[in-house]
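1. need a structure here:
(2 chains)
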Amino acid sequence: MNRYKMELMVGVFVLMTVAALLLLALKVANQTMASDGDTYTLYAKFDNIGGLKVRSPVKVGGVTVGRVSNIKLDRDDYLPVVELTIQTAYSEFPETSSASILTSGLLGEQYVGFEPGFTIEGVENLADGDYIEDTSSALVLEELIGQFLFSRNSEE
Amino acid sequence: MNWVQHIGRQTIGRVAACGRAGVMLFGALFALPSFKNIPLTIRQLYVVGVQSLAIIIVSGVFIGMVMALQGYTILTDYGAEGSLGPMVALSLLRELGPVVTALLFAGRAGSALTAEIGLMKATEQLSSLEMMAVDPLRRVVAPRFWAGIIAMPMLAIIFSAVGILGGHLVGVDWLGVDAGSYWSIMQSTVDWDKDVINGVIKSLVFALVVTWIAIFKGYDSIPTSEGISQATTQTVVFSSLAVLGLDFVLTALMFGIE
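-> Below you'll find the model as predicted:
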């Protein structure tokens, strides 16, 4: 085995590792830098966010348009405030749009379902930093069961 | 009282071997690095890395394929075959990639290292090097050691990547899982730091342990044909046990406490 050939093979080995690492980074872990291009931020205040997590998707009609970038509690009224990072490609949402926390499938992960409102005159578009007024909270299974039992007890 | 003496002798022998292993590691790693050893390291990288590629890639593909097949038959009962991607990716990145690579590496490269160094010792090549005022730890042991530590994480990364592609081949191309959900659910589940980097760290630890055991067993073998064969067997057995035991400890440290 001459030295040139040996070093060539080691070079191939290193390149294969780099290729495998790139596959893991880009295709498997989706480690893209500032992945979705330019984004802007909206806020939504919910009564209950259920199992929503940071990095949960924001979807319009099933299409992911952004992600949840931060979740914190409002110090004044103790309601959770969700920070949504939306791609600027989708920046024309009117102020009458609504956000609700939905579950994909029966046991799937939770996401923010975003429903664009009607565009009529006098209604402006949501801009960076705006709050979404019309929100509906996550359905918490235990609360539903509790309400159901309570209503049955009161009927009897 | 003979058996008490026997226990004592065994214990002293083990402790002394640990000490010798430590001294050898220290001599090989912390000796002044000499740059003329880099070509030697590249040569060893070829021997332990490139020549192990074939077995790593073939086992990676087949393990990925088998996991996709098994996972599909179970997940499809719950209508959750979309979770096939994360199942294959997570088990490969977190466990199977580092562990199976380490086991294969111990069998493929570790045993060869032990036999090579053991035979060098038996044929008194190591002593001849010392006679020529060449430190065998730096000339023979250090390049092999570094090559092992560099090569194994690389092999583990290739193993995982190839396994995920094998899972894609069976899951998506043959069994008809949706390609979009295979990749996208994988992307939303797999975390770069927590899964990929932790797998590489695991693999680095295994590389250190397996290479250390392999080289020390050769360096410390009884210089007879029987001694070398014994040392080679011990390399494979000990490194496999060490890898499996350490894997549990590392997993508990990395994923156990959230």
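
2. Chain B contacts on chain A?
-> A:1, A:3, A:6-7, A:9-10, A:12-14, A:16-17, A:19-21, A:23-25, A:27-31, A:55, A:57, A:109 (C-beta under 8 Å from any C-beta of the partner chain). Quick note: C-beta positions are derived from backbone N, CA and C, even for glycine.

3. all strands for chain A, in order.
-> A:39-45, A:57-60, A:63-73, A:80-87, A:98-103, A:110-115, A:131-132, A:134-136 (DSSP state E).

4. Identify the residues contacting the fifth one?
-> Spelled out, that is strand A:98-103. Residues outside strand A:98-103 that contact it (C-beta atoms under 8 Å, 6 or more residues apart in numbering or on different chains) are A:44, A:46, A:49-50, A:52, A:84, A:109-115, A:117, A:132, A:134-139.

5. can you pull the buried residues of it?
-> For strand A:98-103, a neighbour-count test (16 or more other C-beta atoms under 10 Å in any protein chain shown) marks A:Ala99, A:Ser100, A:Ile101, A:Leu102, A:Thr103 as buried.

6. Ok, the longest one next?
-> Buried positions in strand A:63-73, judged by neighbour count with 16+ other C-beta under 10 Å: A:Val65, A:Gly66, A:Arg67, A:Val68, A:Ser69.

7. for that strand, packing partners?
-> Where contact means 3 or more C-beta pairs under 8 Å, 6 or more residues apart in numbering or on different chains; DSSP states H and E, strand A:63-73 is packed against strand A:57-60, strand A:80-87.

8. Close to chain A: what parts of chain B are there?
-> Within chain B, the positions near chain A by C-beta under 8 Å from any C-beta are B:39, B:42-43, B:45-46, B:49-50, B:53, B:89, B:93, B:151, B:154, B:157-158, B:160-162, B:164-165, B:183, B:186-188, B:190-192, B:195-196.

9. what do you get if the cut-off is 6 Å, keeping everything else the same?
-> Residues of chain B lying near chain A by C-beta under 6 Å from any C-beta of the partner chain: B:42, B:45-46, B:49-50, B:89, B:154, B:157-158, B:161, B:186-187, B:190, B:192, B:196.

10. If you rank those by neighbours, which is first?
-> Using other C-beta atoms under 10 Å in any protein chain shown as the neighbour criterion, B:Ala89 leads these with 32 neighbours.

11. residues in contact with it?
-> B:Ala89 sits next to A:Val28, B:Ile164, B:Met186, B:Val190 when contact means C-beta atoms under 6 Å, 6 or more residues apart in numbering or on different chains.

12. For the third one, which non-adjacent residue is spatially closest?
-> Same thing as B:Met186. B:Gly85 (3.6 Å; C-beta to C-beta, 6 or more residues apart in numbering or on different chains).

13. Pretty sure that neighbour sits against B:Gln187.
-> No: if you go by C-beta atoms under 6 Å, B:Gly85 and B:Gln187 don't touch, sitting 8.4 Å apart.

14. In this structure A:Asp38 contacts A:Thr88, no?
-> Yes: between A:Asp38 and A:Thr88 there is a contact at 4.2 Å, judged by C-beta under 6 Å.

15. I figured A:Ser137 hits A:Phe46, correct?
-> Yes: A:Ser137 lies in contact with A:Phe46 (C-beta under 6 Å); the separation is 4.9 Å.

16. Would you mind telling me which of the two has more residues around it?
-> Comparing A:Ser137 with A:Phe46 by neighbour count (other C-beta under 10 Å), the higher total belongs to A:Phe46, at 21 against 16.

17. By residue count, what's the longest helix in chain A?
-> Longest helix of chain A, by residue count under DSSP state H: helix A:3-22.

18. on contacts alone, who are the packing partners of it?
-> Applying 3 or more C-beta pairs under 6 Å, 6 or more residues apart in numbering or on different chains; DSSP states H and E, one finds that helix A:3-22 contacts helix B:142-168.

19. Tell me which residue is most central in chain A.
-> A:Pro57 (2.3 Å; C-alpha atoms, centre = their mean).

20. re earlier: would you mind putting the buried residues of strand A:98-103 into CSV with pLDDT and distance to B:Ala242 alongside?
-> Shown next, in CSV, are these (pLDDT from 0 to 100; distance: C-beta to C-beta, whole Å):
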residue, pLDDT, distance to B:Ala242
A:Ala99, 88, 53
A:Ser100, 87, 53
A:Ile101, 87, 48
A:Leu102, 85, 48
A:Thr103, 82, 45
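
21. Nearest to chain B among those?
-> Nearest to chain B among the buried residues of strand A:98-103 is A:Thr103, at 14.5 Å by C-beta to the nearest C-beta.

22. is that closest one in a bridge, and if so with what?
-> Note on A:Thr103: beta-bridge partners by DSSP bridges are A:Gln110.

23. What count of nearby residues applies to the closest residue to B:Pro223 other than its chain neighbours?
-> Nearest residue to B:Pro223 in three dimensions, chain neighbours excluded: B:Ala122, at 3.9 Å (C-beta to C-beta, 6+ apart). Residue crowding around B:Ala122 was assessed by other C-beta under 10 Å; the count is 17.

24. Do I have it right that B:Ala122 meets B:Ser221?
-> No: at 7.7 Å, B:Ala122 does not count as touching B:Ser221 under the criterion of C-beta under 6 Å.

25. Regarding A:Glu95, what are the backbone dihedral angles?
-> Backbone torsions for A:Glu95, taken as degrees, to the nearest 10, come to phi -70, psi -20.

26. how close does it sit to A:Thr103?
-> 26 Å (C-beta to C-beta, to the nearest Å).

27. try A:Val65
-> 18 Å.

28. B:Lys217 too?
-> 55 Å.

29. Helix or strand for the residue nearest to the spatial centre of chain B, just tell me which one.
-> Chain B has B:Ala102 as the residue nearest its centroid, 2.5 Å off, counting by C-alpha atoms, centre = their mean. Using DSSP states H and E, B:Ala102 sits in helix B:97-105.
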